[in-house]
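Chemist: Just need the structure, nothing else, for what follows:
(one chain, ligands or ions: 1)
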Amino acid sequence: MSAPFTSPNIEGKPIVPRWQRPPTTQADLDWATLHTIDLSLLDSPDEDVVRDLVELTKTAIREDGFLFLTNYGVSLEQLQRQFDLAQYLHRNISDDDKQRLLWDPSSGRFAGWKQQWGWKREAGEFDGIEQFNFYRGEIENRDRVPDCILPFMDEITAFCDYLTGSVNRRLLTLLSRVLELPDNYLWDHIQSQDSTVGDGYFRHALFHPLLGEDKKRRKSVRMYGHTDYGTTTLLFSVPVTALHIWSKQDRWQPVKYNPGALVVNLGEALEIVSGGHFKATKHKVTDTPADQEEFERLSLVLFNASKGDMRLMPAVESPLLQREGFVMEQGVFQQYKKLIDAGIPVPTNKQWREIQISTRSQVAPEEKSGGVQEIGGVKFGVDEFLGVKVLLPV
Ligand SMILES: [Fe+2]
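Modeler: Numbers count the residues shown, from 1 in each chain. Model (predicted):
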């Protein structure tokens with residue numbers, strides 16, 4: 001059996017006020033219908049149960065690229081504590097620390113503190129999103145996190161360790177089985193894992209309400225549509241509705257609150273390795289339904305990364321790929337395949353994520369290098385990085 005998460009002792013630490021969970025929306029929305037994967041079933045001694053779990057996972061990642069993960073080993077109370085800590089960081093980070101730890105996306109990384117004015121180091125237009133991003137450096141060096149969070153870094157590190165080393169590892173086992181490859185295939189060959197968060201990062205995000213003129217100016221979008229670069233993204237479901245996914249019906253649909261569940265989406269690395277069988281699904285963050293517009297949205301996310309020096313190729317040794325071939329339906333795999341077929345080296349994973357973070361992170365569709373183009377009745381923002389075309393629905 002997989003061991004559940006054990007939190008470090010909190011005795012003797014400063015008092016951390018409890019995060020109050022905002023009420024759920026009463027709005028009747030066109031919700032995305034996602035499958036739920038009970039991760040504890042992976043430990044079942046009943047082979048049929050495990051086989052059904054792998055089949056359900058296969059359906060979820062081929063149809064949606066998003067799924068709810070439950071029973072992954074973290075209790076509701078342990079999760080509450082991590083939200084308490086994220087709120088504490090945002091409420092108590094000093095102005096000096098905001099300057100000292102201000103991020104610099106031109107470096108190709110989001111490490112440190114994001115202010116509420118856009119996605120560059122320099123302040124741009126107001127977007128109302130604050131973040132603190134814990135990369136390897138922030139986890140390992142006590143001088144790279146806000147002073148206020150120092151007494152709690154053991155808890156944050158232990159939580160990240162569990163999410164990467166247990167939850168993500170078990171998830172990658174499931175996904176390896178879908179590819180009919182050995183259990184450790186994706187963990188050993190693709191996952192960056194040489195520290196607590198590898199080349200990935202853990203994010204404490206705080207979305208302040210977006211109202212009035214700011215809401216109008218941003219056309220209700222908080223974060224533009226995108227796919228994630230890495231292996232898996234683990235997002236803890238929150239009551240304030242804002243996450244939308246580009247569904248199999250070719251439209252944006254919001255994801256409903258599922259208390260305690262992880263909302264998992266697959267990144268581009270897994271789409272490429274799986275030869276297009278796994279979908280790196282596009283998603284965006286919008287404003288909230290009217291009955292939630294006064295509430296802050298606190299969000300915890302772990303972005304798991306692929307190994308930086310790899311140039312990704314489809315895992316042609318997969319019996320699934322050998323039997324069924326590639327799936328040429330969408331996204332980055334199709335674009336990588338063009339380069340591979342032409343004998344042109346694809347970017348390394350490090351180059352691929354850093355060029356996007358450092359140049360055109362969260363750029364509006366109409367400001368992308370290829371502007372907005374209509375293809376098959378759908379409008380896409382079009383960009384190109386390192387010879388790879390990127391199309392994202394508006
Ligand atoms: Fe994302």
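
Chemist: now the residue nearest the centre of the chain, which residues is it bridged with?
Modeler: Geometric centre of the chain, nearest residue: residue 233, 3.3 Å, by Cα atoms, centre = their mean. Counting by DSSP bridges, residue 233 is bridged to residue 265, residue 303.

Chemist: Do you know the pLDDT at it?
Modeler: At residue 233, the model reports a pLDDT of 98.

Chemist: just residue 52 next, same as before
Modeler: For residue 52, pLDDT reads 98.

Chemist: How about residue 152?
Modeler: Model confidence at residue 152, given as pLDDT, is 98.

Chemist: That one: what's its closest spatial neighbour, skipping adjacent residues?
Modeler: residue 85 (5.3 Å; Cβ to Cβ, 6 or more residues apart in numbering). C-betas here are computed from N, CA, C, even on glycine.

Chemist: what's around the one you found, how many residues?
Modeler: Residue 85 is flanked by 21 other residues according to other Cβ atoms under 10 Å.

Chemist: Pretty sure it sits against residue 16.
Modeler: Yes. Residue 85 is within contact range of residue 16, at 6.4 Å (criterion: Cβ atoms under 8 Å).

Chemist: what is in contact with these two at once?
Modeler: Common contacts of residue 85 and residue 16 (Cβ atoms under 8 Å, 6 or more residues apart in numbering): residue 152.

Chemist: Pull out the CA atoms of the worst-scoring helix or strand of the chain on mean pLDDT and give them to me as CSV.
Modeler: Least confident element among the helices and strands of the chain, by mean pLDDT, DSSP states H and E: strand 388-393 (a mean of 78). Extracted in CSV, the C-alpha atoms of strand 388-393 (Å, rounded to 0.1, in the frame of the first residue of the first chain):
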residue,chain,number,x,y,z
VAL,A,388,7.5,25.0,-33.8
LYS,A,389,4.1,26.5,-34.5
VAL,A,390,1.7,26.9,-31.6
LEU,A,391,-2.1,27.3,-32.1
LEU,A,392,-4.3,28.1,-29.2
PRO,A,393,-8.0,28.7,-29.4
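
Chemist: can you pull the contacts of residue 101?
Modeler: Per Cβ under 8 Å, 6+ apart, neighbours of residue 101: 112, 113, 132, 144, 145, 146.

Chemist: Next one: it, what pLDDT does it get?
Modeler: 98.

Chemist: mind checking how far it is from residue 171?
Modeler: Separation of residue 101 from residue 171 (Cβ to Cβ, to the nearest Å): 31 Å.

Chemist: swap in residue 179?
Modeler: In terms of Cβ to Cβ, residue 179 sits 13 Å off from residue 171.

Chemist: For the nearest residue to residue 231 once chain neighbours are set aside, which residues are in contact?
Modeler: Nearest residue to residue 231, sequence neighbours excluded (Cβ to Cβ, 6+ apart): residue 304, at 4.6 Å. Going by Cβ under 8 Å, 6+ apart, residue 304 touches 164, 168, 191, 192, 198, 200, 230, 231, 232, 233, 234, 267.

Chemist: Can you verify my assumption that residue 250 contacts residue 378?
Modeler: Yes. Using Cβ under 8 Å, residue 250 makes contact with residue 378 at a distance of 6.4 Å.

Chemist: Do a quick rundown of the helices in the stretch 101-250 of the chain.
Modeler: Under the criterion DSSP state H, counting those that start in this stretch, the stretch 101-250 of the chain contains helices at 136-140, 153-162, 169-178, 185-189, 212-217.

Chemist: need those helices in TSV with distance to residue 22 and mean neighbour count, can you?
Modeler: Shown next, in TSV, are the helices of the stretch 101-250 of the chain (distance: least, Cβ to Cβ, whole Å; neighbours: other Cβ atoms under 10 Å):
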stretch	distance to residue 22	mean neighbour count
helix 136-140	27	19
helix 153-162	22	19
helix 169-178	28	22
helix 185-189	36	19
helix 212-217	18	12
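
Chemist: Which one of the ones you listed lies nearest to residue 309?
Modeler: Nearest to residue 309 among the helices of the stretch 101-250 of the chain is helix 185-189 (12.6 Å), distances taken as Cβ to Cβ.

Chemist: What lies in contact with that closest one?
Modeler: 169, 172, 173, 175, 176, 179, 193, 231, 270, 273, 315.

Chemist: Repeat that for stretch 151-169.
Modeler: By Cβ under 8 Å, 6+ apart, stretch 151-169 touches 2-3, 5-8, 10, 13-14, 16, 39, 69, 72-74, 78, 81-82, 85, 88, 134, 139, 142, 145, 149, 187, 191, 193, 196-198, 200, 202, 231-232, 234, 262, 302, 304.

Chemist: Would you show me how to pick out the buried ones of those residues in PyMOL?
Modeler: To isolate the buried ones among the contacts of stretch 151-169 in PyMOL, judged by 16 or more other Cβ atoms under 10 Å, type:
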select buried, resi 5+7+16+39+69+72+73+74+78+81+82+85+88+134+139+145+149+187+191+193+196+197+198+200+202+231+232+234+262+302+304
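
Chemist: Which members of the contacts of stretch 151-169 occur in strands, if any?
Modeler: Residues of the contacts of stretch 151-169 located in strands (DSSP state E): 69, 134, 202, 232, 234, 262, 302.

Chemist: Next, the contact list for the fourth one, please.
Modeler: Shown in contact with residue 232 (Cβ under 8 Å, 6+ apart): 168, 171, 172, 264, 265, 266, 267, 270, 304.

Chemist: Find the nearest non-adjacent residue to it, please.
Modeler: residue 304 (4.9 Å).

Chemist: quick one: the one you found from residue 360, how far?
Modeler: Taking Cβ to Cβ, one finds residue 304 at 23 Å from residue 360.

Chemist: buried stuff in the host helix or strand of residue 55?
Modeler: For residue 55, the host element (DSSP states H and E) is helix 47-63. Residues of helix 47-63 classed as buried: 50, 53, 54, 56, 57, 58, 60, 61, 62, 63 (neighbour count, 16+ other Cβ under 10 Å).
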